[in-house]
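Novice: Task: produce atomic coordinates for the following.
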Amino acid sequence: MRTRMGAALVALIAGVVLLVTPGVALAAQPVCRIDAEHMTELSGMVATAGGFIVVNDGSDDPAARKIFYLDDRCAVTRTVSFPSRPRDTEDMGQTPDGTLWVADIGDNDRNRSSIGLWKLPKGSSRPRLYRLSYPDGPHDAEAFLFGGDGTPLVVTKAVGSAAVYEPVAALRTDKATPLKKAGEVPMPITTTSNPFSIPGRLVITGGAVSPDGKHVALRTYADAFEFDVTGGNVVGAITRGRPRQIPLPNEPQGESVAYTTDGTALLTVSETSRQPAGTKAEILRYELPPRPAASSSPAAAPPTGPGIAHEAKSAAGAAVRRAETPAGLLVTGGALLLGLATLIGVLVVRRSGRS
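Specialist: Sure, this is the predicted structure:
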């Protein structure tokens, strides 16, 4: 059955097929458990010298709609409230000067006229909102990155081949800045075990750029994929680069990824709202294997500012009958979507509820 189903999927795909560097499953090292309340839908995280900063996604609980600062034992040391209600905060990024950016980019129902980025300078207690608008209608998104020149990048959560968008001008507070499509991110096909089976392997739920700017990681519910960045070209890396697979097997609902401050490991944390009562979120650490130098060219300067992460949750509510596809394939956009539409139409059985 496994061979026949894999062959059927390959036959359906007419696009370009590339190899992805296979990954070796590494044991997740628990860092700390978050015992504080109101952090059951964690979707974004960054690492700091003294701990972590985390944020929930869209929540009906006002106490959960905050930016939470944690120490290295996951104890809350500070919280920052938003001056107005965010819609769906899904990812985060931090610049070298300590400025935090919270990506309010989720849109499960695709009905937002604009998305937002909240800027919080180091030491400030009041985030500032910058709005952005897509050129081609609403998209759900959960991954936020910075290009080497500080340009903010949004990666959508589309099955099979996500799109990356960047602003056409400097961000403004008085009106939405238009975005333009900068490229597509083909998704590798893997066999990594996760609670959502095939759909969980095909949607991007978070992203991060390494502190030195030489690597970028995108994650799904099942895996992380690390790309080498040449000359600060993050868009080129994720749209045309060959990724290394880092399996993240069986995380309950992994929607965040961050680099450690020294760039030697990835950190993840899962939502726990749909886990058994009393389940606490836990930050996990995955040591990265040695990587080749990204480029012989001088590294681009780390981002310093905006000069310049639920379709999948619904899909993740689907249970797919056991059918594995061949590992090691990287499939490009439209043809994969056509093939998946046929395949998933046969295989998917709806679960109740949405995440």
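Novice: now do the same end-to-end measure for stretch 218-227.
Specialist: With CA to CA, to the nearest Å as the measure, stretch 218-227 spans 8 Å from end to end.
Novice: Who does the spatially closest residue to residue 66 that is not a sequence neighbour form a beta bridge with?
Specialist: Counting by CB to CB, 6 or more residues apart in numbering, the nearest residue to residue 66 once its immediate chain neighbours are dropped is residue 79, at 4.5 Å. For every residue, glycine as well, the C-beta is placed using N, CA and C. For residue 79, the beta-bridge partners are residue 68 (DSSP bridges).
Novice: ok, residue 79 - contacts?
Specialist: Contact analysis of residue 79 by CB atoms under 8 Å, 6 or more residues apart in numbering lists 66, 67, 68, 69.
Novice: where's the third one relative to residue 74, distance?
Specialist: When you say that, I think you mean residue 68. Residue 68 sits 10 Å away from residue 74, going by CB to CB, to the nearest Å.
Novice: before we move on, what about the second one?
Specialist: With distances defined as CB to CB, the gap from residue 67 to residue 74 amounts to 15 Å.
Novice: Same check on the first one?
Specialist: Between residue 66 and residue 74 the computed distance is 16 Å (CB to CB).
Novice: which ones are touching residue 216?
Specialist: Listed by CB under 8 Å, 6+ apart, the contact set of residue 216 reads 145, 207, 208, 209, 210, 226, 227, 229, 234, 237, 238.
Novice: cool, and residue 172?
Specialist: Residue 172 neighbours (CB under 8 Å, 6+ apart): residue 130.
Novice: Pull up the per-residue confidence for it.
Specialist: Looking at residue 172, its pLDDT reads 95.
Novice: Pairing partners for the helix or strand that contains residue 143, with directions?
Specialist: Here residue 143, judged by DSSP states H and E, is contained in strand 141-146. Strand 141-146 has its sheet partners listed here by DSSP bridges as strand 152-156 (antiparallel).
Novice: tell me the average confidence for the partner strand?
Specialist: Strand 152-156 carries an average pLDDT of 98.
Novice: One more: stretch 107-121?
Specialist: 97.
Novice: Write down the beta-bridge partners of the residue nearest the centre of the chain, one by one.
Specialist: Closest to where the C-alpha atoms of the chain average out (CA atoms, centre = their mean) is residue 206, at 0.9 Å. Per DSSP bridges, the residues bridged to residue 206 are residue 219.
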